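>>> Provided below are the primary sequence and the corresponding predicted coordinates.
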Amino acid sequence: MSSFRNRRGLTAALAAAVVGVSVCPALAIKIVSYNLLNYPGTSAAERDPLFRTILNDLQPDIVMAGEVQNATAAALFRNNVLNMVNPGAWVEDMHVDCGDTDQSLFYRSSVVSQAGVGADRLTIIGSTPRTSPRWKLQLAGYTQPSSAFYIYGCHLKANDTTTDAAERTSGANLIRADANNFPAGTRFMVAGDMNFYRMSTEPAYTSFTGSQADNDGRLADVLNPSLVLQEWHNSMALRLMHTQSPRASNPSYSGDGATGGMDDRFDFIFVSTALNGGTGLSYVSGTYRSVGNDGNRCCNSAVNNPLPNLDVSNDVANALWGAADHLPVLLQLRSPARGTISTPTLAFGSVLIDYSATQTLTVSDAASVPGESMTYQYASAPPGSFVGPGGVLSAAAGVSNNDSVSMDTSTAGVKDLSPALTISTNAGETPTINVAATGTVLNHGVPSSDQSSQQLSGVVDFGLHAPGGFSQQTATIYNVGFDGLQAPVEIYDAFFSGPDAARFSLVDLPSFFADGTPAFISIYFDDTGVTPGASYSASVEFVTADDTSLPGAASLDSVTFTLLAGVPAVKGDFNFNAVVDCSDIAPFVAVLLNPPGATVSQRFIADMNDDTRNDGIDIQLFRNALICP
């Protein structure tokens, strides 16, 4: 046994075959026109639960309700039906006293809102036996005129006499004349119980749909787009269009409704050329539907006899029979494309010259599914520092594209632009989207041991000192020509080499940076056990690069310093103060008394005649050199 959803699909397919339209998913902005049968009458207690069952199944966003007795009745329907189905969601637009019964417009405030001021906000078209209000609405989240639309609530004269038809024509002419005053491309619809008997040649129908000298107010019947002759009454071929009557006999609590079963097309939603144009806010082809008409009721059968009904569930079919003597008609509008971007400004930061700098800009079509797809194209603002993807791009409703935007890094400079890019779209709400961008392109750093021109070598001389007399020395690395458009130089490693490399070390480990201020790198010389008269040397190579935190940073030239240190060689000078004085006597004697117990350095200092021996010959020479009071 097939599911209910599949049965409804078969019904929709049958409808498409009969009227020549395509089938689309039941989504988007749902608009329902429903004659409520003199609501509330004396049977609200019995009918309200039925209306709730029907509308809970349809989940409309806008309801154009006919045969509402007065403003109090409209409030009852809103509170006891609509807001029971969707708590707190529904409001009534400005209520209009239309005559013997009223047309009331209800909408979900999350989907649409009131629009316009004065007569543009609400206009009442005078006709008999009841007036036709015209309301203006705007899609929620949209601000442009192209996303606003008008709804005429219409209930034309009933009965099938020449006089009645003439009165219907008069009412339709007034609406058409008012609509002809719209600017070309205005979106509007006329919804309600038209009471068209028999066929599409009725003058009121032609007044709505026919060509006139001014066609700005011309309407389309989406079930008869070519305006061929259609005779609806008791027509098997056109049975899916029928809206009256869902009942062959009245329920006990509602004896004033029309009976006779399904055999007439009285209820319509006409749409303007712009709404039927397929772009922007527009009718979703294939969604027009006489709710509960499964094509098996013609002619003169009730919607719930026999069951099952292939368009709605049994519960809804029973509710349609009991609630009113008309079926609701429903169509759907798709929301227009609406472009949004993830950020108004792309921040590229600072990058190195010739680096491939890109940022992601998320471009979305914020239209609700199945809204209009957005097409768009990037254009770069002069001088073309920023470039988006080429060609015409597209995003379906509710879909986001992650577009790669690049910055020109062939020359150094500050690239800030607003706008940097212009995105042109087909969206009436957002025809142009401007994107600002900021970024700075830097030249590479220039490491050097000299501040005026690049030199890749230098000397650090610790001088001649006695042990304990050496102080730290500084290797200075410059960034030659540094300005705001040059990367800082990062010194991130160092390598010592040479015969005495082990005696030299850095006081602090890298990293160091040289920008407008040079990097001062302290170097330490270890004089432990140095030999008097000896010279010490090594080299230190500083490895450099552009500041490695910057995109596109590259390795730069190394800067190498030669390191020099020496110990003075005055014979007999044990304390390295460059003279032989009283303080040197005790260590000199100690070496002579016990040469094996002295260090090589001590024996060298005590060997006054450089004969590699420490003996009595050295004593006289020591005395000769001694300066001691």
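Nice, thanks for sending it over. Numbers count the residues shown, from 1 in each chain.
>>> By residue count, what's the longest helix in the protein?
If you go by DSSP state H, the chain has its longest helix at helix 162-180.
>>> can you tell me the average pLDDT over that helix?
Taken as a whole, helix 162-180 has a mean pLDDT of 96.
>>> helices or strands up against the next helix or strand after it?
Scanning forward in sequence from helix 162-180 by DSSP states H and E, the next helix or strand is strand 188-193. Applying 3 or more CB pairs under 8 Å, 6 or more residues apart in numbering; DSSP states H and E, one finds that strand 188-193 makes contact with strand 29-39, strand 62-68, strand 148-155, helix 162-180, strand 267-272. Every residue, glycine included, has its C-beta placed from N, CA and C.
>>> among these, which is nearest residue 364?
Closest approach to residue 364 among those (CB to CB): strand 29-39, 19.2 Å.
>>> Export the closest one to PDB, keeping only CA atoms.
Extracted in PDB, the C-alpha atoms of strand 29-39 (Å, rounded to 0.1, in the frame of the first residue of the first chain):
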ATOM      1  CA  ILE A  29       6.300  30.900   0.900                       C
ATOM      2  CA  LYS A  30       2.900  29.300   1.000                       C
ATOM      3  CA  ILE A  31      -0.100  31.500   0.300                       C
ATOM      4  CA  VAL A  32      -3.700  30.200   0.900                       C
ATOM      5  CA  SER A  33      -7.000  31.700  -0.100                       C
ATOM      6  CA  TYR A  34      -9.900  30.200   1.800                       C
ATOM      7  CA  ASN A  35     -13.600  31.100   2.000                       C
ATOM      8  CA  LEU A  36     -14.400  30.400   5.600                       C
ATOM      9  CA  LEU A  37     -18.200  30.200   5.200                       C
ATOM     10  CA  ASN A  38     -19.500  33.200   7.100                       C
ATOM     11  CA  TYR A  39     -17.100  32.700  10.000                       C
END
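>>> Just give me how far that strand sits from the chain centre.
Distance, stretch centre to chain centre, for strand 29-39: 37 Å (CA atoms, centre = their mean, to the nearest Å).
>>> That strand pairs with which strands, parallel or anti?
Sheet pairing of strand 29-39 (DSSP bridges) gives strand 62-68 (parallel), strand 329-334 (antiparallel).
>>> Report the inter-axis angle for that strand versus strand 148-155.
20 degrees (axes from the mean of the first three to the mean of the last three CA atoms, to 10 degrees).
>>> buried ones in strand 29-39?
For strand 29-39, the neighbour count (16 or more other CB atoms under 10 Å) marks 29, 30, 31, 32, 33, 34, 35, 36, 37, 38, 39 as buried.
>>> Next, the contact list for the second one, please.
Contact partners of residue 30, counting by CB atoms under 8 Å, 6 or more residues apart in numbering, are 58, 59, 60, 61, 62, 330, 331, 332.
>>> cutoff 6 Å now
60, 61, 332 (CB atoms under 6 Å, 6 or more residues apart in numbering).
>>> Residue 72: which of the residues you listed is nearest?
residue 60 (22.4 Å).
>>> quick revisit: so which of the strands paired with strand 29-39 has the densest surroundings on average?
Mean neighbour count (mean count of other CB atoms under 10 Å) peaks for strand 62-68 among those, with a mean of 27.
>>> that older thread, what's the closest of the strands paired with strand 29-39 to residue 258?
strand 62-68 (11.4 Å).
>>> what residues does the closest one touch?
31-39, 74, 101-107, 153, 155, 191-193.
>>> wouldn't residue 136 be in contact with residue 149 here?
No - using CB atoms under 6 Å as the test, residue 136 is too far from residue 149 to be in contact (7.5 Å).
>>> Of the two, give the one with the bigger neighbour count.
When residue 136 and residue 149 are compared on other CB atoms under 10 Å, the one with more neighbours turns out to be residue 149, at 26 against 19.
>>> Now do the contacts for that one.
187, 188 are the contacts of residue 149 under CB under 6 Å, 6+ apart.
>>> distance of it from residue 132?
16 Å (CB to CB, to the nearest Å).
>>> what's the answer for residue 586, then?
In terms of CB to CB, residue 586 sits 126 Å off from residue 132.
>>> Which one's more surrounded, those two?
The neighbour count for residue 586 versus residue 132, taken as other CB under 10 Å, is higher for residue 132 (24 against 9).
>>> Is the closest residue to residue 54 other than its chain neighbours in a helix, a strand, or coil?
Using CB to CB, 6 or more residues apart in numbering and skipping residues adjacent in sequence, the residue nearest residue 54 is residue 319, 5.0 Å away. Three-state call for residue 319 (DSSP: H, G, I helix; E, B strand; the rest coil): helix.
>>> Can I get stretch 412-428 in PDB, CA atoms only?
Output in PDB follows, covering the C-alpha atoms of stretch 412-428 (Å, rounded to 0.1, in the frame of the first residue of the first chain):
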ATOM      1  CA  ALA A 412      55.800  46.400  -2.400                       C
ATOM      2  CA  GLY A 413      53.300  48.900  -0.900                       C
ATOM      3  CA  VAL A 414      50.200  49.400   1.200                       C
ATOM      4  CA  LYS A 415      47.300  48.000  -0.800                       C
ATOM      5  CA  ASP A 416      44.300  49.200   1.300                       C
ATOM      6  CA  LEU A 417      41.200  49.800  -0.900                       C
ATOM      7  CA  SER A 418      37.500  50.400  -0.200                       C
ATOM      8  CA  PRO A 419      36.000  49.100  -2.200                       C
ATOM      9  CA  ALA A 420      38.600  46.800  -3.500                       C
ATOM     10  CA  LEU A 421      36.100  44.500  -5.200                       C
ATOM     11  CA  THR A 422      32.600  44.900  -6.500                       C
ATOM     12  CA  ILE A 423      30.300  41.900  -6.800                       C
ATOM     13  CA  SER A 424      27.500  42.400  -9.200                       C
ATOM     14  CA  THR A 425      24.500  40.000  -8.700                       C
ATOM     15  CA  ASN A 426      21.100  39.300 -10.200                       C
ATOM     16  CA  ALA A 427      19.600  39.800  -6.800                       C
ATOM     17  CA  GLY A 428      17.300  42.800  -6.600                       C
END
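>>> Can you list the buried residues in that stretch?
412, 415, 417, 419, 420, 421, 423, 424, 425, 426, 427, 428.
>>> what's the farthest-apart pair in the residues you listed?
412 and 428, at 41.9 Å, using CB to CB across the buried residues of stretch 412-428.
>>> Assess the claim that the residue nearest to residue 54 and residue 55 are in contact.
No - assessed by CB under 6 Å, residue 319 is found out of contact with residue 55, at 9.5 Å.
>>> So what does residue 326 look like in phi/psi?
phi -130, psi 150 (degrees, to the nearest 10).
>>> Just give the number of residues close to it.
By other CB under 10 Å, neighbour count at residue 326 equals 25.
>>> Next up, the contacts around the residue nearest to it when sequence neighbours are not counted.
The shortest distance from residue 326 to any non-neighbouring residue, by CB to CB, 6+ apart, is to residue 35 (3.9 Å). Contacts for residue 35 (CB under 6 Å, 6+ apart) come out as 66, 67, 193, 326.
>>> Can you tell me which of the buried residues of stretch 412-428 is nearest residue 345?
residue 420 (8.7 Å).
>>> Tell me how far the closest residue to that closest one other than its chain neighbours lies from residue 133.
Nearest non-adjacent residue to residue 420, counting by CB to CB, 6+ apart: residue 437, 3.6 Å away. Residue 437 sits 50 Å away from residue 133, going by CB to CB.
>>> doesn't residue 571 fall inside a strand?
No - according to three-state DSSP, residue 571 belongs to no strand; its state is coil.
>>> thinking it is in contact with residue 610, fair?
No - between residue 571 and residue 610 there is no contact under CB under 6 Å: 7.8 Å.
>>> Contacts only, for the residue nearest the centre of the chain.
Central residue of the chain (CA atoms, centre = their mean): residue 342, 4.0 Å from the mean position. Going by CB under 6 Å, 6+ apart, residue 342 touches residue 362.
>>> Look up phi and psi at it.
Dihedral angles (degrees, to the nearest 10) for residue 342: phi -70, psi -20.
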